[in-house]
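Asks: structure for this input, please:
(chains A and B)
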Amino acid sequence: MTLDEILQSDDPERLAELPRDELTRLFWKYKGLLKRVERDTAFWQATNDNLRTAYERLDEQERELARAYQTIRQDLEIAQQVQHALLPKQFPEMLAQLDLAVFHRQMTEVGGDYYDFFRLRDGSYAIGLFDISGHGVSAALIMAYLKAQLVQTMEQASRPKDIVEFVNSATLTFLREVRRYATVNFVVFGPRSIRYVCGGGYGALVRGGEVHTFNKGDPFIGLRRRAYSEYELPFEPGDVLALYTDGLVEAQDSGGADFSSRRLHEIVRACATAPVDEILQRCLDDYNQFRRVDADDITLIVLRRRG
Amino acid sequence: MEVGGDEPVVHGALMAGFAQACVNLNIVAGRRATALLADLDVARWYPLAKWFELERMVGDSYSNVAPIRLKLGVEMMTLWYHRGPGRALIRRGADFLHFQTGSNGIASVIRGPREVVGSFDLAEFDEARGRAVIHSTTPFDRKIECGVLIGGVLAPGDIDYVDVTNDGDPNRLVVEFH
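Replies: The predicted structure is shown next:
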């Protein structure tokens, strides 16, 4: 009878039948198992101690992350307030000539869409709509930078072409350094017309039931130094102008189709006689029904020349 | 990796065995483990300093590292025997003590000046009493060496009990096996 046979039989009573050498083997087997358990216990104890230390470090890192997150949240809230403060307030003189409705929504606390109203040296009014590449604080800072450049430029030029070229020249080096750019849509209101410069922006004028789409072939601000083209369109009482950013028309439905400029223009054309607030709301209702998710900052400005 | 002629070096197979044991025992995990294994070439020699880096990586992670190092040594030899060439080289647990202290053992995975790489010699061997004494002056961690001896002796499965102690003289490894 051997130890292995007894162990296979599951009958401990038969241990008494073991010869001396097999009993000795049982003794060492048992001691060997104890030794293994001892080594394994020490290993697991050390591993457990290490885990405890790791969890303590993790807790501390989590607390640090929470503190950092809190700081970032506070900074973002301030950035949001600053950005809101940079956007235009009411412009009564301008509203005497124009009905105006604006929708502006950033994807995050701060964003890259920027619009502003200006009074030029010759007394005319202008609207600028810009879409700065990227999102977040960096885009908002560039927005503040662009605004400062625009304010300076207004004192030196009145033609939209001159204004945009001046701003592009003044910001080109910096924007290239930070690898950012901005679409531009700059519209100056004359007594019976508008003059505009459009580099990558979006605009449409509805007049007599027809849609005149902005020519947006000029370069974005911050890409290259070159002359911009200026265009003129009649803009008389009753005519409707819509300016917007790509976040609106590039939003997709669940099938991957774009909302599209064509769809937006058709809504504006179809309800061109309605109050501008209503035109804006109809566009947004259709957009909200169409799009699957919001993917970008959105700005939509609708204006009508008053009689 | 190029190494100079007089520079102490260790074989990539040893490094890889150690690294794999670290991964198996979850001593390093995730991306660190992947990076650790990906960087090692089992056919090359590495500066001894690289081995110390590996040892330090384990040491830095644990407040009580001795049981971990012991277990790593055991795991290395388990891998060597069951997934490497070990099974073809030794048949009995006691043979491992001769093998490891011979020219194909530790001496085959470390090279360099004698005063740096040291030696790993079987000073006493009494199979009837189940006792052996090894004198080690290698630069390797002694706890890992204890684990290597335990793992190597246990791997063939014919030894029921083994323990290695180095109390007193740290370079004197006393092996008890039955």
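Asks: do you have the helices of the stretch 51-200 of chain A handy? List them.
Replies: A:92-97, A:136-154, A:160-177 (DSSP state H, counting those that start in this stretch).
Asks: for the second one, which positions count as buried?
Replies: Residues A:136-137, A:139-143, A:145-147, A:149-150, A:153-154 are the ones in helix A:136-154 that count as buried (16 or more other C-beta atoms under 10 Å in any protein chain shown). For every residue, glycine as well, the C-beta is placed using N, CA and C.
Asks: of the helices of the stretch 51-200 of chain A, which approaches chain B most closely?
Replies: helix A:136-154 (27.6 Å; C-beta to the nearest C-beta).
Asks: what's that closest one packed up against?
Replies: Where contact means 3 or more C-beta pairs under 8 Å, 6 or more residues apart in numbering or on different chains; DSSP states H and E, helix A:136-154 is packed against helix A:20-86, strand A:113-119, strand A:125-132, helix A:160-177.
Asks: quick revisit: quick one: least confident of the buried residues of helix A:136-154?
Replies: Here the lowest pLDDT out of these sits on residue A:136, with 84.
Asks: ok, residue 106 - contacts?
Replies: You didn't pick a chain, so chain A it is. Residue A:106 makes contacts with A:83, A:112, A:113, A:135, A:297, as judged by C-beta atoms under 8 Å, 6 or more residues apart in numbering or on different chains.
Asks: not what I meant, chain B
Replies: So residue B:106 contacts B:100, B:120, B:138, B:140 (C-beta under 8 Å, 6+ apart).
Asks: which of these fall in helices?
Replies: Using DSSP state H, the members of the contacts of residue B:106 that fall within helices are residue B:100.
Asks: local confidence estimate at the residue nearest to residue A:210 when sequence neighbours are not counted?
Replies: Among residues not flanking residue A:210 along the chain, residue A:269 sits closest, at 7.7 Å (C-beta to C-beta, 6 or more residues apart in numbering or on different chains). pLDDT, residue A:269: 97.
Asks: so when I look at residue A:269, I'm seeing a helix, right?
Replies: Yes. The assignment for residue A:269, made by DSSP: H, G, I helix; E, B strand; the rest coil, places it in a helix.
Asks: distance of it from residue B:100?
Replies: 89 Å (C-beta to C-beta, to the nearest Å).
Asks: ok, the two, which is more surrounded?
Replies: Shown here are residue A:269 and residue B:100; by other C-beta atoms under 10 Å in any protein chain shown, residue B:100 has more neighbours (22 against 17).
Asks: OK, contacts around that one?
Replies: So residue B:100 contacts B:106, B:120, B:148, B:149, B:152 (C-beta under 8 Å, 6+ apart).
Asks: ok, residue A:57 - how many residues close by?
Replies: So residue A:57, with other C-beta under 10 Å, has 10 neighbours.
Asks: I meant to write residue A:294 there.
Replies: Neighbours of residue A:294 (other C-beta under 10 Å): 14.
Asks: in three-state terms, label it for me.
Replies: coil.
Asks: for it, phi and psi?
Replies: phi -80, psi 130 (degrees, to the nearest 10).
Asks: that one reaches residue A:252, doesn't it?
Replies: No. Under the criterion of C-beta atoms under 8 Å, residue A:294 is not in contact with residue A:252, lying 10.6 Å apart.
Asks: how close does the most centrally placed residue in chain A sit to residue A:108?
Replies: With distances taken as C-alpha atoms, centre = their mean, the residue of chain A nearest its centroid is residue A:135 (4.0 Å). Relative to residue A:108, residue A:135 is positioned 6 Å away (C-beta to C-beta).
Asks: chain B next: which of the contacts of residue A:106 are close?
Replies: Applying C-beta under 8 Å from any C-beta of the partner chain to those, one finds that nothing falls near chain B.
Asks: closest one of those residues to chain B?
Replies: Closest to chain B, out of all of the contacts of residue A:106 and judged by C-beta to the nearest C-beta, is residue A:135, at 28.7 Å.
Asks: least trustworthy helix or strand in the chain by mean pLDDT?
Replies: I'll assume chain A. helix A:92-97 (a mean of 79; mean pLDDT, DSSP states H and E).
Asks: let's do chain B instead
Replies: helix B:30-38 (a mean of 80).
Asks: what residues does chain A have near chain B?
Replies: So chain A meets chain B at A:25, A:28-29, A:31-32, A:35, A:39-40, A:42-43, A:45-47, A:49-50, A:53 (C-beta under 8 Å from any C-beta).
Asks: now, of these, which are buried?
Replies: Here, 16+ other C-beta under 10 Å leaves A:25, A:28, A:32, A:35, A:39, A:42, A:43, A:46, A:47, A:50 buried among the residues of chain A next to chain B.
Asks: pLDDT and distance to residue B:172 added to those, as CSV?
Replies: Shown next, in CSV, are those (pLDDT from 0 to 100; distance: C-beta to C-beta, whole Å):
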residue, pLDDT, distance to residue B:172
A:25, 91, 28
A:28, 95, 23
A:32, 97, 23
A:35, 97, 20
A:39, 97, 20
A:42, 96, 21
A:43, 96, 24
A:46, 93, 24
A:47, 93, 29
A:50, 89, 30
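Asks: for those, work out which two are farthest apart.
Replies: Based on C-beta to C-beta, the longest span within these runs between A:25 and A:50 and measures 36.9 Å.
Asks: show me the helices in chain B, by range?
Replies: Here chain B has its helices, by DSSP H, at B:12-24, B:30-38, B:48-61, B:66-82, B:86-89, B:93-101, B:114-117, B:142-154.
Asks: which residues does the fifth one contact?
Replies: With C-beta under 8 Å, 6+ apart as the contact definition, helix B:86-89 has outside contacts at B:77, B:80, B:81, B:99, B:104, B:152, B:155, B:156.
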